[in-house]
Each structure stands twice: as C-alpha cells, then as structure tokens.
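**Q** Build me a model:
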Amino acid sequence: MKQLMLLEVRGKNKTWDFTVEGDTRYLEEWRNDGLDINPLVNVIPQWVVDIGFLRAWCFFQDLLNNAWFERILIGCIIVGILLILIF
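**A** The predicted model follows:
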C-alpha cells in the first residue's frame, strides 16, 4: 500500500527532510539498508498551528483516515442520495 513518508537525508553540515510516496511493504528493507524513513501520520499546515487548532486538526484527520469511518460516510451519502431520489 502506498503511503506518504518522510525521508531524512543527512549531509556533512545540514539535514534535509523530503516527503516521498512509497510502498509500506519495503519499509523495513529500506531501513535495513540505512535509510532514515518513516510513514507520515498527519500532515498539518502551518496556519493550523498558528491559530491553535493543532489538536482538533489531528483528531479529525485521524478520524477521516480510518477505513471504517470512510465506509460509514460513503454509506450515509448513498442513503441520502437514494432518499432524495425517492422523495
């Protein structure tokens, strides 16, 4: 399954972070080969941090990332559309 990941590259003087999309099944293989790579769980815009909504943003992003929640949401949307079409 492809997922957004953070790849950290360390040079002689500086460290850089890059976001990459990679397949999670190769994650351990990359780590064993010496890459410093970790899956990203939440992506947070700076403006959210600036206005103090960090906790709320992470809560709702975690909620929306759950597969069961997506199925329930899609089911509710389909039922809503059917009710609109029937009535």
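
**Q** which residues touch Arg31?
**A** With contact taken as CB atoms under 8 Å, 6 or more residues apart in numbering, Arg31 is in contact with Ile37. All C-beta atoms are positioned from the backbone trio N, CA, C, and that covers glycine.

**Q** and the longest helix for this structure?
**A** Assignment by DSSP state H gives helix 67-86 as the longest helix of the chain.

**Q** Averaged pLDDT, that helix. What do you get?
**A** Averaging pLDDT along helix 67-86 yields 84.

**Q** how does this protein divide into domains?
**A** The chain breaks down by automatic domain parsing into domains covering 1-40, 48-87.

**Q** Which one of those has the poorest average confidence?
**A** For the domains of the chain, where the average pLDDT is lowest is domain 48-87, sitting at a mean of 84.

**Q** does Trp16 have beta-bridge partners, and which?
**A** For Trp16, the beta-bridge partners are Val9 (DSSP bridges).

**Q** That one: neighbour count?
**A** With neighbours defined by other CB atoms under 10 Å, the count for Trp16 comes to 9.
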